[in-house]
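>>> okay, structure incoming, though there's no sequence with it:
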């Protein structure tokens, strides 16, 4: 969800649709969290389990293939959700926002000196 709507301006049907969409989004994210939690538990078991409980080479290969696929999918989703910036965005930040004053304008230098420069 990119922007939050003003809830006071929505009618009942729009609020129901918004709530339904948010609940569906929450279910999807909870499923992803559950899946990743399960995979983390499997990986911890792989790393810290006794050798008799460890996975065989084939089981590990299948698990790591699944993990690679999941990581690629998550990376693609993050890139999709991240705001895109134009390539020259950094160049625009470096350039001053105002044009310099014309050289033909008269200039007057005013100095403001303190009454005393000695510390008390």
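Cool, the structure landed. Small disclaimer: the values here were computed from a predicted structure and weren't measured.

>>> what about stretch 110-120, start to end distance?
27 Å (CA to CA, to the nearest Å).

>>> what lies in contact with it?
Residues from elsewhere that reach stretch 110-120 (CB atoms under 8 Å, 6 or more residues apart in numbering): none. In short, each C-beta sits where N, CA and C put it, glycine included.

>>> show me the shaky parts of this structure.
Under the criterion pLDDT under 70, the flagged ranges of the chain are 1-3, 50-55, 83-93, 96.

>>> hmm, try it at 90
For the chain, applying pLDDT under 90 flags the ranges 1-12, 14-15, 41-103, 107, 111-120.

>>> for the longest helix along the chain, packing partners?
Longest helix of the chain, by residue count under DSSP state H: helix 12-48. When contacts are defined as 3 or more CB pairs under 8 Å, 6 or more residues apart in numbering; DSSP states H and E, helix 12-48 packs onto helix 57-81.

>>> distance check, the residue positioned nearest the centre of the chain against residue 76.
Centroid-nearest residue in the chain: residue 82, 6.0 Å away (criterion: CA atoms, centre = their mean). According to CB to CB, to the nearest Å, residue 82 stands 11 Å off from residue 76.

>>> and the gap between the residue nearest to the centre of the chain and residue 36?
19 Å.

>>> and residue 46, how many neighbours does it have?
15 (other CB atoms under 10 Å).
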